[in-house]
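1. prediction below, plus the sequence it came from.
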Amino acid sequence: MRVFVPATTTMLRALIDDGEFSPISRTAFAVTPTLREAYSSGDDDELADVALREAARASLRLLGGEGEVDETDGGADADVDAAAAATAAGSAPRRVVIAADVDPVTLRPDLDDAVVRLPQPLSLRQVASVHVDLAEAEPAVRAAVEAIDAADLGDVDAEFVLGDAEDHDLAWYAPQEIPFLLDLM
């Protein structure tokens, strides 16, 4: 099954360096039967785009907490605030979604229509592509990271801020391009 894993550039670096990484709670998004039922129309490509967009929104949440959670150990306090360091270096955080082929997955309709749980850490061999914000999206992504919690609680203005970030399409990269992408960021 094609899954869309929310990530950050820090997680993407770990995937390249270690050959695998364990997404937080091993959560990903996919075209599930529940997602199909939620839409009265739409082909597989359109539903895959819905799952990818859900993963991109989850990436915003990861960016907001990246300095508080060390992804390598699943919850210990991080020594370095990576998001603040990126901002201080003149670069805002970018949304990252890793598309991968994983079987079997556990469906999690109790969490959301498109949510699945991966059975094990994600291997670089499973990666089909990576989707990352371009530099021009950085100001909108920075604002969206600050607004994500308020939007989740129903703040209409915050939802508009998220919409500004979501108006930016993620760029597509092949697995062999990931090291070069990271070098350029």
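-> Received the coordinates, thanks.
2. for the rest of this, base every contact and every neighbour count on C-alpha atoms.
-> Fine.
3. from residue 12, how far out is residue 122?
-> To residue 12, residue 122 is 11 Å away according to C-alpha to C-alpha, to the nearest Å.
4. with residue 147 instead?
-> Residue 147 is 24 Å from residue 12, by C-alpha to C-alpha.
5. excluding chain neighbours, what is closest to residue 137?
-> Excluding its sequence neighbours, the residue lying closest to residue 137 (C-alpha to C-alpha, 6 or more residues apart in numbering) is residue 168, at 6.1 Å.
6. so what's the residue count around the one you found?
-> Applying other C-alpha atoms under 10 Å, we find 15 residues neighbouring residue 168.
7. confirm that it sits in a helix.
-> No: under DSSP: H, G, I helix; E, B strand; the rest coil, residue 168 falls outside any helix and is assigned coil.
8. quick one: it and residue 133 touch, right?
-> Yes: the criterion here is C-alpha atoms under 8 Å, and residue 168 meets it with residue 133 at 7.4 Å.
9. helix or strand right after the lowest-mean-pLDDT helix or strand in the chain?
-> Ranking every helix and strand in the chain by mean pLDDT, DSSP states H and E puts helix 82-88 at the bottom, with a mean of 42. Once the chain leaves helix 82-88, the next helix or strand it forms, by DSSP states H and E, is strand 96-101.
10. for that next one, what is the distance to the chain centroid?
-> Taking the mean of its C-alpha atoms, strand 96-101 sits 8 Å from the chain's own mean (C-alpha atoms, centre = their mean, to the nearest Å).
11. which other helices and strands contact it?
-> strand 2-7, helix 44-65, strand 127-132 (3 or more C-alpha pairs under 8 Å, 6 or more residues apart in numbering; DSSP states H and E).
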